[in-house]
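K.L.:
coords please:
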Amino acid sequence: MHTQLNSETTVATHYWHDLGDGRIQCDLCPRFCKLHDGQRGLCFIRQNQDQQIVLTSYGRSSGFAIDPIEKKPLNHFYPGSSVFSFGTAGCNLACKFCQNWDISKSRQMDALMSIAGPEIIAQKAAEQGCLSVAYTYNDPVIFHEYAIDTAIACRELGIKSVAVSAGYVCPEPRAEFYQYMDAANIDLKAFTERFYHKITGSHLAAVLDTLRYLQHETSVWLELTTLLIPGENDSQAELEEMTQWVVENLGPDVPMHFTAFHPDWKMLDTPSTPVASLLLARDIAIKNGVHYAYVGNVHHKPAESTYCHHCGQLLIGRDWYQLSDWNLNASGTCTACGTQCAGHFAAKPGDWGAKE
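P.N.:
Numbering: from 1, shown residues only. Below you'll find the model as predicted:
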């Protein structure tokens, strides 16, 4: 743990190797940046300093917020609870549509961060009555060491950890990282290699590997989010293939969130997502066997709510982030038919609602 932090603090990392030609290769994510001394990776916060990779953002956050857990979005992980959210600068993807580009792509942020060590974050989350801490805004896999130390500090206080990630990470650091996480929302950005390569500068296969790993080799609660971008990843054929893959490879109980795009960053000429496209994606998912499918970034109470996949009973009513109906027993089963609703639930719903 590092308690004496300042704007110059860096932390040595161990996912790299020397290439023997004056460069070292970062082995944290499949980008495998090859760096000369002083050079930063594409993520911006991992740097070659004196022939080792250091994390330059340890203990330095781009800001803090207390959110409803549904904003992450996680609809099946202690609904109605509050989550203490933070991130750093930088990102290891290059999404042209980034909705957090002012954080993930900003270089000025590197000098404008709040200083907060892992223990301070855990203490503040506890003081505010937050059930969990979310590593979000940018991708937490790139601030690996900071996130893990924070998760350890949180666990000591009984606070859970939530990763909001694109899932673009190598197997060894992935295994270390997720042993400290309790839940994850992974962006499944599309279901074509063309989209991943052209629009995000990454590759689909590594993300699918992370999804299979999380679902079958960890106890991390998993939900998926796809930002539907008109003309890029919203075709019926792609949505059919994606949702079929999810059911066949991850199972029907992994919730899927289809969220609305708005013009941003380098895609200002692309129109916003019509609500009809989101509802079609949800319908396709349910038709193909997904038990829990939602729309997001738009107001549509029926498609934001949770239903029993067996009898159709409304289990959790949602109006944006405000919960209404709650028809789950203390064990998380449907009050009408007794079918288990997949997820992690308290005996009673949280009452944080839309507060921030």
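K.L.:
quickly find the element holding residue 152.
P.N.:
Using DSSP states H and E, residue 152 sits within helix 144-156.
K.L.:
who touches that helix?
P.N.:
For helix 144-156, contacts defined as C-beta atoms under 8 Å, 6 or more residues apart in numbering pick out 1-2, 11, 13, 15, 28, 55, 57-59, 88, 118-119, 121-122, 125, 132-133, 135, 140-141, 160-161, 163, 173, 176-177, 180-181. In short, each C-beta sits where N, CA and C put it, glycine included.
K.L.:
of those residues, grab the buried ones for ChimeraX.
P.N.:
Those of these that count as buried under 16 or more other C-beta atoms under 10 Å are selected in ChimeraX with:
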select :11,13,15,28,55,57,58,59,88,118,119,121,122,125,132,133,135,140,141,160,161,163,173,177,180,181
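K.L.:
in strands, which of the contacts of helix 144-156 fall?
P.N.:
Among these, the residues falling in strands (DSSP state E) are 11, 55, 132-133, 135, 160-161, 163.
K.L.:
tell me the buried residues in the helix holding residue 152?
P.N.:
Neighbour count says helix 144-156 has 144-151, 153-154 buried, by 16+ other C-beta under 10 Å.
K.L.:
closest one to residue 353 out of those, please.
P.N.:
residue 154 (22.9 Å; C-beta to C-beta).
K.L.:
which residue is the nearest non-sequential neighbour of the closest one?
P.N.:
residue 122 (4.5 Å; C-beta to C-beta, 6 or more residues apart in numbering).
K.L.:
mean confidence (pLDDT) on stretch 66-74, please.
P.N.:
For stretch 66-74, the mean pLDDT works out to 97.
K.L.:
and that stretch, C-alpha only, in PDB?
P.N.:
What follows is stretch 66-74, C-alpha atoms only, in PDB (Å, rounded to 0.1, in the frame of the first residue of the first chain):
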ATOM      1  CA  ILE A  66     -21.600   8.500  -5.700                       C
ATOM      2  CA  ASP A  67     -24.000   6.900  -8.200                       C
ATOM      3  CA  PRO A  68     -26.800   4.400  -8.200                       C
ATOM      4  CA  ILE A  69     -25.500   1.000  -9.100                       C
ATOM      5  CA  GLU A  70     -27.900   0.900 -12.100                       C
ATOM      6  CA  LYS A  71     -25.800   3.700 -13.700                       C
ATOM      7  CA  LYS A  72     -22.800   1.400 -14.200                       C
ATOM      8  CA  PRO A  73     -25.000  -0.300 -15.500                       C
ATOM      9  CA  LEU A  74     -25.600  -3.200 -13.200                       C
END
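K.L.:
contact partners of that stretch?
P.N.:
Here stretch 66-74 has contacts from 77-85, 128, 130-132, 134, 136, 162, 164, 183, 185, 221, 223, 225, 257, 259, 294, 296, 318, 321, 350, 352-356, using C-beta under 8 Å, 6+ apart.
K.L.:
what subset of those residues is buried?
P.N.:
Buried among these (16+ other C-beta under 10 Å): 77-85, 130-132, 134, 136, 162, 164, 183, 185, 221, 223, 225, 257, 259, 294, 296, 318, 321, 350, 352-353.
K.L.:
in helices, which of those appear?
P.N.:
Among the buried ones among the contacts of stretch 66-74, none falls in helices (DSSP state H).
K.L.:
doesn't residue 241 fall inside a helix?
P.N.:
Yes: assessed with DSSP: H, G, I helix; E, B strand; the rest coil, residue 241 lies in a helix.
K.L.:
tell me how far it lies from residue 302.
P.N.:
Distance, residue 241 to residue 302, using C-beta to C-beta, to the nearest Å: 26 Å.
K.L.:
quick one on the thing from earlier: who are the neighbours in contact with the residue nearest to residue 154?
P.N.:
Neighbouring residues of residue 122 by C-beta under 8 Å, 6+ apart: 133, 150, 153-154, 156-157, 159.
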